[in-house]
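**Student:** Give me coordinates for this.
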Amino acid sequence: KRGRQMNLEEVFKMEYKISQGFMESGEFYEGVRALLIDKDNTPKWKHKSIDDVTKSDVDFFFNRSEKLDLDLTKLYKDGIS
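**Tutor:** Numbers count the residues shown, from 1 in each chain. Below you'll find the model as predicted:
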């Protein structure tokens, strides 16, 4: 819902923060392990079902510290576009 009021830069920053949360949570690595490393296709997720996900779990991804901001202006200053 919050993305509807955001401009493109704000959306990129939010998605960057969410992606960093996935890396930090360990769930991404567990998925890679199950699919690509052990190839057992049985990831051992932190939660057994969507009903086990708490508001705190969701907040971990969406309400992250400002220190994780992606400065998009650096991409243009360094000549990458």
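**Student:** Name the helix or strand of the chain that has the lowest mean pLDDT.
**Tutor:** Here the helix or strand of the chain ranked lowest by mean pLDDT, DSSP states H and E is helix 73-77, holding a mean of 66.
**Student:** Would you map the helices across this protein?
**Tutor:** 8-25, 27-32, 55-62, 73-77 (DSSP state H).
**Student:** could those go into CSV alongside distance to T42?
**Tutor:** In this view, the C-beta of every residue, glycine as well, is placed from N, C-alpha and C. Supplementary listing: those in CSV, determined by distance: least, Cβ to Cβ, whole Å:
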stretch, distance to T42
helix 8-25, 19
helix 27-32, 10
helix 55-62, 21
helix 73-77, 39
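**Student:** Make CSV out of these and add mean neighbour count and distance to N41.
**Tutor:** Listed next are these as CSV, based on neighbours: other Cβ atoms under 10 Å; distance: least, Cβ to Cβ, whole Å:
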stretch, mean neighbour count, distance to N41
helix 8-25, 14, 19
helix 27-32, 14, 10
helix 55-62, 12, 24
helix 73-77, 9, 37
